[in-house]
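Student: turn this into a structure:
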Amino acid sequence: MVVSVLQAIIYSLLQGIAEWLPISSSAHISILQNIFGTQSFSFLIFLEFASILAAAVMFRKDIVHLFKFKDKETMKYWAFLIVALIPTVIVGFFFRDQIASMFLNLFYIGIFLMVSGIIVYSTKFSKPREGKKMSFVDSAVIGVFQGMAAMFRGITRSGSTISSGMHLGLKREEAVKFSFLIGIAGILGASIFEAKNLVLGNISYSILVLTFVLTFAMSILSIKVLLKIVKSDHFYRFGIYDFILGAAVLIWSLVH
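Tutor: Numbers count the residues shown, from 1 in each chain. This next block holds a predicted model:
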């Protein structure tokens, strides 16, 4: 893996912006890798830890509450999280090689970005149901969408899980919280699993510290932007961006 200082900074900024917004960080990183002509898998895993830390900080109250185990509702929520994570675990164990082979294929990335665009834009027509509470079916459905996002590069993880939660009738804030909690657990698990393969010896410690801080700061900012946009009921607009980018990537892959 050879990554220049400038490339490392660009990767870190993009990772911070795209990881939690419904625009598919994996797709953007893959596009960038095609442009740079570099493979930087280990470095990207390293940057993901910064994104996870940022999300954990932003949702620290919810995380702390979960670990208090105060009542049956908390235990039930744990069960929802576990159910939702099962599809991602299955995908990670059985389809890891297929995922890696598709990581840089712009043709598939373009198609799946367009699919993401449709999914996210469809939330324009979703409405929360009065008195709706999370169920095991809801958590399973949301988990399936997270599993799809893990398998198909270009399917936005946050976009698909939040969108599915909104279509199931959950309040927007509840859909976002659940999406982030399973996202933190899923991404952290995958990162730890891949940590044994990290090879960062050719990147200086100063660059690692700088890019970690940049990724963390941009992740905090992007999460705040997402929460504000969700509250303003404009979440669906990300779908327009996804679809246009996907169409552009697809056309690019066909003519080159």
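
Student: what about the helix of greatest length in the chain, average pLDDT?
Tutor: Across the chain, the longest stretch assigned as helix under DSSP state H is helix 205-231. Here helix 205-231 scores 94 as its mean pLDDT.

Student: same thing with stretch 12-31?
Tutor: On average, stretch 12-31 scores 92.

Student: list the buried residues for the longest helix of the chain?
Tutor: Neighbour counts using 16 or more other C-beta atoms under 10 Å place 207-208, 211-212, 214-216, 218-220, 222-223, 226-227, 229-230 of helix 205-231 among the buried residues. All C-beta spots, glycine's among them, are computed from the backbone N, C-alpha and C.

Student: and the angle for the next helix or strand after it with helix 205-231?
Tutor: Counting by DSSP states H and E, the next helix or strand C-terminal to helix 205-231 is helix 237-255. Helix 237-255 runs at 120 degrees relative to helix 205-231, counting by axes from the mean of the first three to the mean of the last three C-alpha atoms, to 10 degrees.

Student: related to what we said a few turns ago, so which elements touch the longest helix of the chain?
Tutor: helix 5-18, helix 41-58, helix 172-194 (3 or more C-beta pairs under 8 Å, 6 or more residues apart in numbering; DSSP states H and E).

Student: check the offset of the longest one from the chain's centre.
Tutor: Put plainly, it is helix 172-194. Its chain's average C-alpha position is 8 Å from that of helix 172-194, according to C-alpha atoms, centre = their mean, to the nearest Å.

Student: go through it and flag the buried ones.
Tutor: Buried residues in helix 172-194, defined by neighbour count with 16+ other C-beta under 10 Å: 172, 174-188, 190-191, 194.

Student: just the shortest one next, same as before
Tutor: Buried positions in helix 5-18, judged by neighbour count with 16+ other C-beta under 10 Å: Gln7, Ala8, Ile9, Ile10, Tyr11, Ser12, Leu13, Leu14, Gln15, Gly16, Ile17, Ala18.

Student: hang on, isn't the fifth one packed against Leu47?
Tutor: Right, Tyr11. Yes - at 6.6 Å, Tyr11 and Leu47 qualify as touching, with contact defined as C-beta atoms under 8 Å.

Student: list the residues that contact both of those two?
Tutor: Thr211 (C-beta atoms under 8 Å, 6 or more residues apart in numbering).

Student: follow-up on the earlier one: how about the helices and strands packed on helix 205-231 in TSV, adding distance to Leu85?
Tutor: Formatted as TSV, the helices and strands packed on helix 205-231 follow (distance: least, C-beta to C-beta, whole Å):
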stretch	distance to Leu85
helix 5-18	22
helix 41-58	14
helix 172-194	6
